[in-house]
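>>> Output the structure for:
(3 chains)
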Amino acid sequence: MSQLLEVSGISVAFDGFKAINNLSFSIGPAELRAIIGPNGAGKTTFMDIVTGKTRPDSGHVTWGERNVSLLRMSESRIAREGIGRKFQRPTVFEDQSVLDNLVMALRNDRGPFSVLRYRRSDGDLGRVRELATEIGLADQLNTRAGILSHGQKQWLEIGMLLAQEPRLLLVDEPAAGMTKAERDRTVDLLRRAAETRAVIVVEHDMDFVRKLGCKVTVLHEGSVLAEGSLDHVTKNQDVIDVYLGR
Amino acid sequence: MIRSSFAPGVAPVLGAPKAHRSFVMRNPSVLIFLGILALFTLAVTLGAEATGTGALSTSFVKTLGMTLCLCLVAIAMDLVWGYCGILSLGHFAFFGLGGYMIGMWLMWERTEGIVLSATAAQALPPTPDELRAAVGQQIFGVVGGSEIPAIWAFASSLPAQLALVVLVPGLLALVFGWLAFRSRVTGVYLSILTQAMTLALALYLFQNESGLRGNNGLSGLQNIPGMTHLPQSEVSIRFFWASAAALAIGYVLAAWVVAGKFGSVIRGIRDDEARVRFLGYNVEGYKLVIFTLTAIIAAIAGALYYPQAGIISPAEIAPIASIYLAVWVAIGGRGRLYGAVIGAAFVSLVSSWFTGGQAPDIDLGFYVIRWTDWWLVLLGFSFILVTLFAPKGIGGLVDVIRHKVVPDRHGADLGPDKGSFREAEQQ
Amino acid sequence: MRLIRAIALAACLLVPIQALGQASPIQDLLQEHGEVIAKSSRKTIQPAIDALRESGLPAAQTVMERWQEKDLWIREADGAFFFVEKDGDTYTLLDIATGEPAGTADKSELKQLKPNSGIRGLIGAALVQFQLQDPNPASRRAALDAIARDPEASHLEALRGAIETEQDAEIRAAKERMERLLTIPYGDTDQARVAAIRSFDGDLGLDVRAALNPLLATRTVVVEGDAPEALNVARKLRPGGEELTFDDAYELLVSKDLAPPAVDRTAKRVALEANAENGLVAGFATTDLDTWTERNRAYDELAARGVVPADVPVEAQQEAVGAHSYYLAYAEPSAAITDAARRSLASIETGVMVSRGIDITLDALSLASLYFLAAIGLAITFGVMRVINMAHGEFIMMGAYTGYVVQQFVPNYTLSLVVALPLAFAVTFAAGVAMERLVIRWLYNRPLETLLATFGISIALQQLAKNIFGTQARPLTAPGWLDGALVFNDVISISYIRIAIFALGLIFLVLLLFTLNRTRLGLEVRAVTQNPRMAASMGINPDKINMLTFGLGSGIAGIAGVAIGLFAKVTSELGQDYIVQSFMTVVVGGVGNIWGTLAGAALIGFFQKGIEWFNPSNTLAAQTFMIVLIIIFIQFRPRGIIALKGRAAEA
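Residues are numbered from 1 along each chain as shown, chains lettered A, B, ... in the order given. As a prediction, the model looks like this:
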């Protein structure tokens, strides 16, 4: 099976500190993957590299069927290539309505001049309503995003990611600060999303990861410590050492 | 909990959004603004010497016309700062450049007219070279030269100089913006960089070698070629109308830009630049478009302002002028177009009232406060107070009134600046 | 009257010398040349002066000096020479050899010698020799200075005569140098002059350049055919080229009567205007005469009618110019000498360039330390608090005014400086803390609003200063020991004030490095700089740190203000002149690092001086270019020279 994203041998150092050390990783076109690891394992830096925010000192990141390199692309170009990212803290545009947030994320031409001429078509609005229903915000399209609850903001952000129709979703600690009911919904949402695209979830919460029921990659000190099902990796002695040793 | 529905907040229209509502419908403030502007224009027309009762002096009509131009440049500032989060300390430089470009034509045409009428008495008509030399002597004699600099090549052509009004500041903004944005300079860094650009431009214009008459600047601009037969009272009201029209067009254009998806994106850039980038938008491109567009608006405002002011000199472009522009917008209220207009009009009019010596002195017994001396102190402190206690500016009053009708559950306001720190907090 | 006097004088000369009252060798010598001395003509006087100079008599110098000062008198009766002391109408005669009184005489019996300026010059030149051998070294130095001011051919011999006997090594060296300098224009042979010229290779003295440059003075020469042998040609000129316009070339021919004068445009215009009648000139309508083609035709028509002199056609002018050769020739006829001068000047030029490079470097260093002082406070506050303080320039101004006020109470400039520096620090420290407490701390996390609020403070403070101190500049006088400059040679010099500022910058660099790296406060400041939230959770009170940092940054601005006030006039706009450069320094240097600010200040100082080197007359242009360069620089190092990397940089 050809891989959607192939990361091979990347390293990056900040002032001598190796945040990522010869890391290799790959994921298929329709796969759900959880990445776990203690603090400082390099999870966020890994996402930064894939999304173009940080440039690695060495290594390759190739993408898609044509195996294009992501390393020379800008963040916005990578996003347009089909990689969506959700940050740890919910980052929606609080000053704008749920509708505006979603419309901005819709997969349309992103050039300044076509955006200037953009008019909301019925098709786009239909798609927005569909998404809003999926994330449970259909009644609040005209609400300012700033006054949503924390969990609603998380979903709005996920909704915006879905609106981008990415082929790969990078989700950073989606369950943080959610109630149990909200988490269950989130698991549900992510699993459904992974049916048609690749989803990488970075999470601390083992319970949440267990519910995702997917392959797990354990990072430690910037490289892959173990990979496999959750049960498999939790039996791995190295992993136990890393988690309990601290 | 999941589906709990909150109060609808400030949303103006409830329920599902409709696809095609007219622009004006979605932005009632535009209609209100245009109505007020039309009334104001009518009132001034009726009061002016040339067209009405003469209750308003010609110089006051000019002041009002100039104020409208300042309102226009304030709108540009609001677009770039209030909406896009770029605190540019360079937009008054673009304003001044626009003035210089039109000033070149005004000065050239007028000087040529004077030279022609002076040579009419001579036995021989001047050759083109002699005419140029005489005009050059008239214009550049003051900086000790009669050579006509290359940048005056198009000065005799109105269409060319009008094109330059747009092209020169537009290109400068494009090049500068491209350099600044592509290196991801943001926040106060960017402000300082724009200030440096302004200073560089002002210093350049201060030199006699700049070809724009050094610190003498361009003068006599109030004498409009082709309108010399008209009295200044007539010229002043015409320029007032032109300024009002430009302000109306500028306001509608700005409102249209910020109302749509483009407005969403630039406000997104203001609040969280990185997030917009990860949505796939080329943030630098958007910034460049808005920076250049507002520079052009500023230049047009300047091109209308300086024929009314009559003189332009490099001191007008000094960095402090651009900071005042920011002050106006801040006092009026950022992120709302009418706020910028209110701020510019209010502060510049009050300022000319105080500095014009019309404000009554206050006798404290041991010391007399003369407002010509103390106005800047007052302005400085009131500006601090506005920043501290009324970050929404005068425009915030509108919210206060409206919130009495529709209470807002959400208390804290999101200032346009917070976005620059959002990225930091992710870490 | 004249006749009578001449006869009397002639009679006197016949009187045997013994008959004169005061016989002495000097009197004899003067008598020998009595006639030419009395005649007082520049043309004939030289032998008399030479005789005096070469006489070796001890009184000769005094006599010549008093002669030069118009204090040498002739007794008409016997032609004897005396000095005179006036006392009413009776004049006391003094012996010229001994200075002793030698009787009295009535005014009418005496004739005062009044040498004209030409003769006084000759006497002066002769006197130089005496002065050069004067026992007092100061007089000898003064004589050398006098020669340097106004060198003459006659000095050369005097100098040569005065070298051998010179005991003082320093003065001897100066004399030898002067001798070589004088040999350059006045040497007897070309070889001697060339040797003198080449001996100055690489010498940076201004006097050398002043002596060499006139040798290379040129003039334009026009000849028919090839250049004559005698002409010392610098290079051939091409008429119509950059150095010689075609019109000038023809003009030169006309001035040498080698061609008839052409009628220039002004003259043609005047002629045409003079002959205009009823809108017509020679059948041409005046309204058509707005091009020179038409005007020339009309003029030629006038000439054909004989009304005006005919113009020389352009073809004829070209032919005339083409028939001659133009040369740029040296006034100095000897090619050997001009070659030597050129080569020497070239070698001197190289030396001058090197020295100027060093001089500019020194200048740049002092400018950099000034920028460092002005910017470091800003950099500290920006680094720690992410606050751009637009009122920083006004703190600089406050420091300068503090210095001015202190001088009003402490008249001793040195003492007042000692008082002013800490006081300025205290005043601006307090102002900074007040500003932080009252305004800035309410605006943390709103950097752009802080920028604007501090701008409000800036305009208010500036206007307050204007209201208190007025708009005119106030002096802040530097103590005497800071006046003047440290001079290395004619090119390299640096004023003591600049050295003092450099030292001040250095002191603050060391102080700050110590404070930040070796003290508890520094540790806490660095912690807050790198991660405010983490620092707060470690028990550091960020509020206190912010307050102290802001005070410290402002205080240093006050010190910088005193330093700047010492050489710039203190006005309310003083701070404005430095604020943008300070911003640039911070931006270029990078945030949160003293070394970064130092590097930024150095870069900007050297940028500015470097640009001034290429375009020394225009400091405005230098600043413009500097800012443009900085904007370009930011392209390559957006986070400054010394940038924090990794997570810290994102903050």
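
>>> Is A:Arg107 in a helix, a strand, or coil?
Three-state call for A:Arg107 (DSSP: H, G, I helix; E, B strand; the rest coil): coil.

>>> doesn't A:Ala163 make contact with it?
Yes - with contact defined as Cβ atoms under 8 Å, A:Arg107 counts as touching A:Ala163 (6.9 Å). Just so you know, the C-beta spots here come from the backbone N, C-alpha and C atoms, and that holds for glycine as well.

>>> more crowded one of those two?
Neighbours per residue (other Cβ atoms under 10 Å in any protein chain shown) separate A:Arg107 from A:Ala163, with A:Ala163 holding more: 25 against 15.

>>> contacting residues for the more buried one?
By Cβ atoms under 8 Å, 6 or more residues apart in numbering or on different chains, the contact list for A:Ala163 reads A:Leu102, A:Ala105, A:Leu106, A:Arg107, A:Arg127, A:Val128, A:Leu131.

>>> residue ranges with poor pLDDT in the stretch 1-150 of chain B?
B:1-22, B:25 (pLDDT under 70).

>>> And the contacts of A:Ala163, which is closest to chain B?
Of all the contacts of A:Ala163, chain B sits closest to A:Ala105, with 5.6 Å by Cβ to the nearest Cβ.

>>> C:Ala568 touches C:Gly575, doesn't it?
No - using Cβ under 8 Å, C:Ala568 is not in contact with C:Gly575; the gap is 10.9 Å.

>>> the strands in the stretch 51-200 of chain C, which residues?
Under the criterion DSSP state E, counting those that start in this stretch, the stretch 51-200 of chain C contains strands at C:73-75, C:81-87, C:90-95, C:101-106, C:110-112.

>>> And the pLDDT for residue 233?
Unless you meant another one, I'm taking chain A. pLDDT, A:Val233: 84.

>>> please go with chain C instead
Listed pLDDT for C:Val233 reads 84.

>>> do the same with C:Ile45
Looking at C:Ile45, its pLDDT reads 82.

>>> sorry, back to before: tabulate the contacts of A:Ala163 in CSV, adding columns for distance to chain B.
Listed next are those as CSV, based on distance: Cβ to the nearest Cβ, whole Å:
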residue, distance to chain B
A:Leu102, 10
A:Ala105, 6
A:Leu106, 9
A:Arg107, 8
A:Arg127, 12
A:Val128, 8
A:Leu131, 14
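
>>> just those now: which is nearest B:Ala120?
Distances from B:Ala120 to the contacts of A:Ala163, taken as Cβ to Cβ, are shortest for A:Leu106 (68.7 Å).

>>> ok, the residue nearest to the closest one when sequence neighbours are not counted to chain C distance?
Using Cβ to Cβ, 6 or more residues apart in numbering or on different chains and skipping the chain neighbours, the partner closest in space to A:Leu106 is A:Ala163 (5.0 Å). Between A:Ala163 and chain C the computed distance is 27 Å (Cβ to the nearest Cβ, to the nearest Å).

>>> so which of the strands of the stretch 51-200 of chain C comes closest to chain B?
Of all these, strand C:110-112 comes closest under Cβ to the nearest Cβ, at 53.4 Å.

>>> now for that closest one, which elements pack on it?
With contacts taken as 3 or more Cβ pairs under 8 Å, 6 or more residues apart in numbering or on different chains; DSSP states H and E, strand C:110-112 sits against strand C:73-75, strand C:81-87.

>>> which residues sit against the longest one?
Contacts with strand C:81-87, where a contact means Cβ under 8 Å, 6+ apart, come from C:27, C:30-31, C:34, C:37, C:63, C:66, C:71-75, C:91-96, C:99, C:101-102, C:105, C:110, C:112.

>>> ok, 10 Å please
Under the criterion Cβ atoms under 10 Å, 6 or more residues apart in numbering or on different chains, residues C:20-22, C:26-27, C:29-31, C:34, C:37-38, C:62-63, C:66-67, C:71-75, C:91-97, C:99, C:101-105, C:107, C:110, C:112-113 lie in contact with strand C:81-87.

>>> re earlier: only whichever of the contacts of A:Ala163 are buried, select them in ChimeraX.
Listed next is the ChimeraX selection for buried residues among these, using 16 or more other Cβ atoms under 10 Å in any protein chain shown:
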select /A:102,105,106,127,128,131
